[in-house]
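A.B. asks: Kindly return the folded structure for what I paste below:
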Amino acid sequence: MSSVLPPSRVSIRPITRYAEQVRSSTPWAAWLSRPRSARTIVAWLGVYLAIAANIPLWRELASLGGAPSVYLPHILLMALITACGSIALLSFTAWSRWMKPLWCGVVLVAAVAQHYMLGYRIVMDPTMLANAMQTDLHEARDLIGWQLLWHVLIVAALPGWVLWHVQIVPMSALRQAWRNTLLLLAVVALALAAAVAMNRQLAPLMRNNVQLRYMINPLATVYSATTAVVRPLFKRSRKLVPITAGATLGPSYAAQARPPLLVLVVGETARADHFGLNGYSRDTTPALAARKVLSWRQVQSCGTNTLASVPCMFSSLGKVAFEARKDDHENLLDVLQAAGLAVLWIDNQPGGCKGVCDRVPHASASEGVDPAVRQALCDGDECLDDILLQKIDARLAAMPEARRSKGVVLVMHQMGSHGPAYYKRSSADAKRFVPECRSHALADCSHAELVNGFDNSIAYTDRFLGKTIDWLKSQSSDFDPAMLYLSDHGESLGEYGLFLHGMPYAFAPEVQKHVPMILWTSEGMARRERLSRACLEGELDRPLTHDNLFHGVLGWMDVKSPAYRPALDQFATCRGVEAG
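C.D. replies: Purely as a prediction, here's the structure:
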């Protein structure tokens, strides 16, 4: 009879004992082999995040402080406060091993936030997070790459591995609750003590550099994301305040030979100082210059991102009142439509019109376009702006005849110079400035390559606007045409280490707020408006803002409305005399 025991009776104790000896052969393995309380884990994790996920904060403090003897105390103080804040946040999750996925999630969020703060010098304020949440897949894919994965792995791999292997001591809910409370009170008290002790240094630092509070990771990220999601849930339902009562067409319509046709082009991410028309050293706008347009050189945007700027620029309220409003209001397009004009919004932005076009006819620029044309102009669902001019005659003809015979306002919302993939915003035959940056990680490109890519997008916009003007000229037998172009916000191209846009308005650089505004008008429209070109040319350095758009368009289209304010109509001072 065989003496070999059945497999189920073989003793595994020696093997287990050997494995335990191997695991405990190093201090690191010995630390992992000892069960730890959830509070110990969150304390270590809070310290780790303060050190490994706040490099942008430390770099910003170093750049503000001058000599090391000045900024090092600031860094040490902020490191202590950041660690205490992270531990306080995590103390609410210090319960059991089932919290491991949540802890890993916090680490991943911190790693992703740091990647974008490092790569684009953004801050995690509520507006930025709200704007990010409205970014669709097609816009977001330009912001995702191997560098994101690499940066996430650097920050998250080690704590993820530790959290996977470490053992958590089980404890009753009551004991866990009061001990978590003690941990929370202890770290809050420590942070407050440090802040009070160094208030003389901390108070002016935070008061003069508001951006620092939105760079504390992951606290700022979690706070801003929560605010962006939760705040709308607790707001009372906004009513829509009507402003269209009394909107009528002015006296110019009674005797008109041809109806007016205004194309209003909403630009995207265009900087005024990169337009050759405005004195830029490069000739980025030859098409517009050849068509003798007027370019205002001192125009400020309402916001630094599309979500903030586009609804604001079409509002009658102005920036200050718009941002303080408690209810939604009808906008410029509502008033134009109520007066009897034909209105159409055509969108080449994946993010849409941000609610501006909800109550007027609107369409996607690629809708109904011939497949061969779409293939030439589009990459997936993202298209070059020439797509806006496809089917434009058919769209115009499809407007209600009763309205079209009075007048037409077409709004074209560009893809423009949307970053970071500037190289995608121009066709191959429009790339005049080479080599251009072809990476989504803008910091990896030289400044010259980055500027080349952006300038190519401006040159493409110039060509698109030139084609739009040529189309408008072809309509002169049936309409009195004009075009007004105005960008929603600007862009940072590495100045002060900043990229893209979306910085809080109060401390955003000028390049994110200084936008181009361009007007072309036919002779018929100029006569209709009785505008003096010489007068307008003398107004090109007049300071303007997005606040002027609502009133300027109403005045231009001769629409009478109680919401119209002549003082904000940028054309009013030159109206009433013959065009010259």
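A.B. asks: mind checking how far the closest residue to residue 306 other than its chain neighbours is from residue 397?
C.D. replies: Spatial nearest neighbour of residue 306, excluding adjacent residues (CB to CB, 6 or more residues apart in numbering): residue 488 at 5.4 Å. Where C-beta positions appear, they are placed from N, C-alpha and C, glycine not excepted. According to CB to CB, to the nearest Å, residue 488 and residue 397 sit 29 Å apart.
A.B. asks: Those two: who's more crowded?
C.D. replies: residue 488 (29 against 10; other CB atoms under 10 Å).
A.B. asks: In contact with the more buried one, which residues are there?
C.D. replies: 266, 267, 268, 269, 301, 303, 306, 309, 310, 313, 515 (CB atoms under 8 Å, 6 or more residues apart in numbering).
A.B. asks: one step back: from residue 351, how far out is the residue nearest to residue 306?
C.D. replies: Distance from residue 488 to residue 351, by CB to CB: 11 Å.
A.B. asks: Identify the contacts common to these two.
C.D. replies: residue 306.
A.B. asks: Which members of the contacts of residue 488 occur in helices, if any?
C.D. replies: With helices taken from DSSP state H, the overlap with these comprises 306, 309, 310, 313.
A.B. asks: Okay, helices next: where are they in the stretch 1-150 of the chain?
C.D. replies: 13-23, 27-33, 38-52, 55-65, 68-91, 100-120, 126-133, 137-140, 146-165 (DSSP state H, counting those that start in this stretch).
A.B. asks: okay, the residue nearest to residue 306: pLDDT?
C.D. replies: Per-residue pLDDT puts residue 488 at 97.
A.B. asks: What of residue 11?
C.D. replies: Per the predicted model, pLDDT is 47 at residue 11.
A.B. asks: just residue 61 next, same as before
C.D. replies: Residue 61 is assigned 85 on the pLDDT scale.
A.B. asks: wouldn't it be in contact with residue 71 here?
C.D. replies: Yes. Counting by CB atoms under 8 Å, residue 61 does reach residue 71; the two are 5.4 Å apart.
A.B. asks: Neighbour count for those two, which is higher?
C.D. replies: residue 61 (24 against 18).
A.B. asks: quick one: the more buried one from residue 211, how far?
C.D. replies: 11 Å.
A.B. asks: got the residue ranges for the strands in the stretch 451-580 of the chain?
C.D. replies: Secondary structure of the stretch 451-580 of the chain by DSSP state E, counting those that start in this stretch: the strands cover 480-487, 492-493, 499-500, 514-521, 544-545, 559-560.
A.B. asks: Format these as JSON lines; extra columns: distance to residue 437 and mean neighbour count.
C.D. replies: Formatted as JSON lines, these follow (distance: least, CB to CB, whole Å; neighbours: other CB atoms under 10 Å):
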{"stretch": "strand 480-487", "distance to residue 437": "21", "mean neighbour count": "25"}
{"stretch": "strand 492-493", "distance to residue 437": "10", "mean neighbour count": "23"}
{"stretch": "strand 499-500", "distance to residue 437": "11", "mean neighbour count": "21"}
{"stretch": "strand 514-521", "distance to residue 437": "22", "mean neighbour count": "24"}
{"stretch": "strand 544-545", "distance to residue 437": "31", "mean neighbour count": "20"}
{"stretch": "strand 559-560", "distance to residue 437": "44", "mean neighbour count": "20"}
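A.B. asks: Please identify the helix or strand for residue 225.
C.D. replies: Using DSSP states H and E, residue 225 sits within helix 219-234.
A.B. asks: Please point out which parts of that helix sit buried.
C.D. replies: 219, 220, 221, 222, 223, 224, 225, 228 (16 or more other CB atoms under 10 Å).
A.B. asks: rewinding a little: with pLDDT and distance to residue 187 as added columns, please give the ones in helices among the contacts of residue 488 in TSV.
C.D. replies: Below are those laid out as TSV (pLDDT from 0 to 100; distance: CB to CB, whole Å):
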residue	pLDDT	distance to residue 187
306	91	39
309	95	40
310	96	42
313	97	45
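A.B. asks: what's the longest helix along the chain packed up against?
C.D. replies: In the chain, taking DSSP H as the definition, the longest helix is helix 447-474. Identification of packing neighbours for helix 447-474 by 3 or more CB pairs under 8 Å, 6 or more residues apart in numbering; DSSP states H and E yields strand 260-267, helix 286-290, strand 480-487, strand 492-493, strand 514-521.
A.B. asks: Residue 49 is in contact with residue 84, isn't it?
C.D. replies: No. Residue 49 is not in contact with residue 84 according to CB under 8 Å; the separation is 11.6 Å.
A.B. asks: between these two, which one's more packed in?
C.D. replies: More neighbours surround residue 49 than the other of residue 49 and residue 84, with 27 against 23 (other CB under 10 Å).
A.B. asks: who touches the more buried one in this structure?
C.D. replies: So residue 49 contacts 82, 83, 86, 106, 107, 110, 217, 218 (CB under 8 Å, 6+ apart).
A.B. asks: how close does it sit to residue 356?
C.D. replies: 40 Å.
A.B. asks: if we can go back for a sec, output the strands of the stretch 451-580 of the chain in JSON lines; the columns should cover distance to residue 192.
C.D. replies: Formatted as JSON lines, those follow (distance: least, CB to CB, whole Å):
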{"stretch": "strand 480-487", "distance to residue 192": "45"}
{"stretch": "strand 492-493", "distance to residue 192": "36"}
{"stretch": "strand 499-500", "distance to residue 192": "36"}
{"stretch": "strand 514-521", "distance to residue 192": "41"}
{"stretch": "strand 544-545", "distance to residue 192": "42"}
{"stretch": "strand 559-560", "distance to residue 192": "58"}
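A.B. asks: Out of those, flag the one nearest residue 537.
C.D. replies: strand 514-521 (10.9 Å; CB to CB).
A.B. asks: helices and strands around the closest one, which ones?
C.D. replies: strand 294-300, helix 447-474, strand 480-487.
A.B. asks: mind redoing it with 6 Å?
C.D. replies: strand 294-300, strand 480-487 (3 or more CB pairs under 6 Å, 6 or more residues apart in numbering; DSSP states H and E).
A.B. asks: CA atoms only for the shortest one, dumped as PDB, please.
C.D. replies: As requested, C-alpha coordinates have been extracted for strand 294-300 and formatted as PDB (Å, rounded to 0.1, in the frame of the first residue of the first chain):
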ATOM      1  CA  LEU A 294     -12.800  97.500 -38.800                       C
ATOM      2  CA  SER A 295     -11.000  96.000 -35.800                       C
ATOM      3  CA  TRP A 296     -11.600  97.300 -32.200                       C
ATOM      4  CA  ARG A 297      -8.300  96.800 -30.200                       C
ATOM      5  CA  GLN A 298      -9.400  97.300 -26.600                       C
ATOM      6  CA  VAL A 299     -12.200  94.700 -25.900                       C
ATOM      7  CA  GLN A 300     -12.500  92.800 -22.700                       C
END
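A.B. asks: If you count neighbours, what's buried in it?
C.D. replies: Residues of strand 294-300 classed as buried: 294, 295, 296, 297, 299, 300 (neighbour count, 16+ other CB under 10 Å).
A.B. asks: Find the residue closest to the fourth one in space, skipping its chain neighbours.
C.D. replies: Counting by CB to CB, 6+ apart, residue 278 is the residue found nearest to residue 297 once chain neighbours are left out, at 4.9 Å.
A.B. asks: Contacts only, for the closest residue to residue 569 other than its chain neighbours.
C.D. replies: Among residues not flanking residue 569 along the chain, residue 555 sits closest, at 4.0 Å (CB to CB, 6+ apart). Counting by CB atoms under 6 Å, 6 or more residues apart in numbering, residue 555 makes contact with 569, 571, 572.
A.B. asks: how close does residue 555 sit to residue 241?
C.D. replies: Separation of residue 555 from residue 241 (CB to CB): 22 Å.
A.B. asks: which residues touch residue 176?
C.D. replies: Shown in contact with residue 176 (CB under 6 Å, 6+ apart): residue 95.
A.B. asks: Tell me if it really is in a helix.
C.D. replies: Yes. Using DSSP: H, G, I helix; E, B strand; the rest coil, the secondary structure at residue 176 is a helix.
A.B. asks: Before I go, just wanted to say thanks for your time.
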